[in-house]
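> here is a sequence with its predicted model. Questions after.
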Amino acid sequence: MRAETAMEIMFEFDGRPVKAQEGQTIGEALLANGIATVRKTRKGADRGVYCAMGVCYECRAIVNGTPNTRTCMTPVTQGCKVMTQEDARIEVNDEQC
Amino acid sequence: MSSADVIVVGGGPAGISAAVEAAKNKLSVVLIDENTSLGGKVFRPEEAGAESDPADPLAARLRKRLFQSFESVADGIRVCLGSEVWNIEGDKSVYVYSAHDQKTSQKVFYGKRLIIAPGAIERAVPFEGWTTPGVFTVGGLNALVKKKVVPGNRILIAGSGPLPLVLINNLLQAKVKISAIVVPTSIKTIIQKSIPILSCAGRHRIKQGFEAIWRIRKNQIPVFSSHVIKNVSGRHNDFKATLVQIGSDWKPMGGPEKEVSADAIAVGYGLVPSVELTQLAGCEHRYDETLGYWRAVRSTRMETTVSGIFVAGDGVQVKGYEAAVNEGKLAGIEVAHQLGKVTQKDANQWIGSLDKKLKKMEAFGKILDRLSTPGPGLLEMVPDTTTVCRCEEVTLGEIRKAVGDGAASINDIKRRTRLGMGHCQGKFCGQVINELLTMFSKETRPRESFTPRIPVRPVPFKVFAG
């Protein structure tokens, strides 16, 4: 029922404006817009949402500057900036262990 | 460090139910979940148009009842959402990290008792193309569909277990075209193995099963029984899946391959308990050959081999949400009894009546597990080029080479190839690595699991070190 009243918000993916519904995760909002790839592995392969429940960590992207953010677990917010994560580039500064 | 009588890890059906029962009995409770809302996978809230499965009124009813009783005792429960548990120690201290909330970003909770209710994850078997975006686990795609996000117009569903039926129902409800359903078992086997279900499933489950079959026929969805997906080529919105016919051991029959087009693909082979937290806490686990997974050893009162640490729900044996609610309740009552809030007599009486219900649900879960566990043939058809460890991009060929070079244990394969060392910590590759080691070394070995190491979830170095 709340689907009709959910607020439309805008965020950015790789610099492009994308529409989303409030309450969606970033991964859901991207898939609703036909975008399935959010990360490139070290070998250059595409990755996107796979398990959609925070287990597989495949849908990691750079969200507001923070790499390795699971887009399937992170709510989309007005104006947030999401970038495709290129593992080969970010791992130099990777602070995750 | 914050202290409480009980710490419950996991806010799904089992965890909420355990927290409610403990709080009802005047115990102080901390309930921790990594999601931004309570409910777990099945009882997820109706945010942004998400619906509880319309084809499953029982789930909706149980969910409503559980949340109502939660509200009535909510004052006694401290809820920590968006919080990941990255370490549990045998003395019942729980280390939590939250990326969302700077205040609780690093915390240690200590409980007199600990109830772990981590739920289950999907059983996945690698195939060529399974890492391509647009290929999902069945539960993963179902979670999206429940939030009204359908990544394509033609969906291919393959695999075993109860989740494909749930996904089919939800897709049909959303009027999405299902291009085909691929089922590894023959219809004859499904019927044969399902007969015992009639005595333990309950009327609503049997009705649901028949309704699903009726819907599949009415919508004229092609069903490939005794088939599996061998590989997937192409990309999101333009996939081609190759299907092969298999026998009862899941080995290819050598018949002609078939091709199905789809926009998105969901593949899964049932569920396996998430055992990393109970393993980390030092609880004893055994591999159950008939169920096809590791499970924590526990008493009839849900207590593990580590005194004071309990485990409830699908995180120990997959039986579904109804059993999870009852197990959580049972664990909550036993904890209240151990802490002197419930008399021995009352506890025995409560637990006795719950036990009876649980026995039936356990039989039901076991039948589903047996129907969903893959046979050996499925891994034998995977080519050397296929990625097995998705995180570290380790291929089947690299594992074959490591075993050929002398790797004699799964931890040895891990050291040589980095398999299981990535972000997910071996949750998917760990499900098949024993089988691969046996297959390549041609020796039967005692089954191992990866040595549990902290942090079980990737956390920033400052949290781990601090």
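Everything's here; your move. Numbers count the residues shown, from 1 in each chain, chains lettered A, B, ... in the order given.
> CA only for contacts and neighbour counts going forward, please
OK.
> let's see the lengthiest helix in chain A as PDB, backbone CA atoms only.
Using DSSP state H to define each element, chain A has its longest helix at helix A:26-32. C-alpha atoms of helix A:26-32 as PDB (Å, rounded to 0.1, in the frame of the first residue of the first chain):
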ATOM      1  CA  ILE A  26      21.100   1.300  -3.600                       C
ATOM      2  CA  GLY A  27      21.300  -2.100  -5.300                       C
ATOM      3  CA  GLU A  28      17.500  -2.200  -5.700                       C
ATOM      4  CA  ALA A  29      17.300   1.300  -7.100                       C
ATOM      5  CA  LEU A  30      20.100   0.600  -9.600                       C
ATOM      6  CA  LEU A  31      18.400  -2.700 -10.700                       C
ATOM      7  CA  ALA A  32      15.100  -0.900 -11.000                       C
END
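> partner strands of whichever helix or strand comes after that helix and their direction?
The helix or strand immediately downstream of helix A:26-32 is strand A:39-40, counting by DSSP states H and E. Taking DSSP bridges as the criterion, strand A:39-40 pairs within the sheet with strand A:46-47 (antiparallel), strand A:85-86 (parallel).
> including distance to B:Val20 and mean pLDDT, could the ones you listed go into JSON lines?
Shown next, in JSON lines, are the strands paired with strand A:39-40 (distance: least, Cα to Cα, whole Å; pLDDT from 0 to 100):
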{"stretch": "strand A:46-47", "distance to B:Val20": "39", "mean pLDDT": "98"}
{"stretch": "strand A:85-86", "distance to B:Val20": "41", "mean pLDDT": "98"}
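> would a markdown table of those strands with mean neighbour count and distance to B:Pro455 be doable?
Rendered in a markdown table, the data for the strands paired with strand A:39-40 read as follows (neighbours: other Cα atoms under 10 Å in any protein chain shown; distance: least, Cα to Cα, whole Å):
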| stretch | mean neighbour count | distance to B:Pro455 |
| --- | --- | --- |
| strand A:46-47 | 22 | 24 |
| strand A:85-86 | 22 | 23 |
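> quick one: closest of the ones you listed to B:Ser353.
strand A:46-47 (47.9 Å; Cα to Cα).
> quick revisit: any idea of the mean pLDDT in the longest helix of chain A?
The pLDDT scores in helix A:26-32 average 98.
> by contact count, what packs against it?
strand A:16-21 (3 or more Cα pairs under 8 Å, 6 or more residues apart in numbering or on different chains; DSSP states H and E).
> the strand it packs on vs chain B: in contact?
Yes. Using Cα under 8 Å from any Cα of the partner chain, strand A:16-21 comes into contact with chain B via A:Gln21.
> what segments of chain A are strands?
Taking DSSP state E as the test, the strands found in chain A are A:8-13, A:16-21, A:39-40, A:46-47, A:60-63, A:66-70, A:81-83, A:85-86.
> kindly provide the distance from the spatially most central residue of chain A to chain B.
With distances taken as Cα atoms, centre = their mean, the residue of chain A nearest its centroid is A:Thr71 (3.7 Å). Distance of A:Thr71 to chain B, computed by Cα to the nearest Cα, to the nearest Å: 12 Å.
> now do that residue, the pLDDT please.
pLDDT, A:Thr71: 98.
> next one: the longest helix of chain A to chain centre, how far?
7 Å (Cα atoms, centre = their mean, to the nearest Å).
> what does that helix rub up against?
A:18-21, A:36, A:49, A:59, A:71-76, B:144, B:149-151 (Cα atoms under 8 Å, 6 or more residues apart in numbering or on different chains).
> can you flag the buried ones in those residues?
Buried subset of these (neighbour count, 16 or more other Cα atoms under 10 Å in any protein chain shown): A:18, A:20-21, A:36, A:49, A:59, A:71-76, B:144, B:149-151.
> between those residues, which is closest to B:Gly313?
Set against B:Gly313, the nearest of the buried ones among the contacts of helix A:26-32 by Cα to Cα is A:Met73 (22.2 Å).
> what pairs with B:Gln106 across the strands?
Applying DSSP bridges, one finds that B:Gln106 bridges with B:Tyr97.
> ok, it - contacts?
B:95-98, B:463.
> returning to what we had before: dump the strands paired with strand A:39-40 to CSV, plus distance to B:Ala18.
Below are the strands paired with strand A:39-40 laid out as CSV (distance: least, Cα to Cα, whole Å):
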stretch, distance to B:Ala18
strand A:46-47, 37
strand A:85-86, 39
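> starting at the chain centroid, how far to the least confident helix or strand in chain A by mean pLDDT?
When the helices and strands of chain A are scored by mean pLDDT, DSSP states H and E, helix A:87-90 comes last with a mean of 89. For helix A:87-90, the distance from its own C-alpha centre to the chain's C-alpha centre is 16 Å (Cα atoms, centre = their mean).
> so where's chain A uncertain?
Along chain A, segments meeting pLDDT under 70 span A:1-5, A:91-97.
> how far away is B:Asn326 from A:Gly44?
Distance, B:Asn326 to A:Gly44, by Cα to Cα, to the nearest Å: 47 Å.
> who touches stretch A:12-23?
Contacts of stretch A:12-23 (Cα under 8 Å, 6+ apart): A:6-11, A:29-30, A:33, A:75-77, A:79-84, B:47-48.
> what are the C-alpha coordinates of it, in CSV please?
Only the C-alpha atoms of stretch A:12-23 are listed here, as CSV (Å, rounded to 0.1, in the frame of the first residue of the first chain):
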residue,chain,number,x,y,z
GLU,A,12,24.0,9.7,-8.7
PHE,A,13,25.6,6.7,-10.3
ASP,A,14,28.9,7.3,-12.0
GLY,A,15,28.0,10.9,-12.3
ARG,A,16,24.6,10.3,-13.9
PRO,A,17,21.3,11.2,-12.2
VAL,A,18,19.2,8.1,-11.2
LYS,A,19,15.6,8.0,-9.8
ALA,A,20,14.9,5.9,-6.7
GLN,A,21,12.1,5.3,-4.3
GLU,A,22,12.7,6.1,-0.7
GLY,A,23,13.1,2.8,1.3
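> what sits against A:Gly79?
A:Gly79 neighbours (Cα under 8 Å, 6+ apart): A:9-12.
> which parts of chain B sit against chain A?
So chain B meets chain A at B:35-36, B:41, B:46-50, B:121, B:131-137, B:139-141, B:143-144, B:147, B:149-152, B:236, B:390-391, B:393, B:423-424, B:427-428, B:458-461 (Cα under 8 Å from any Cα).
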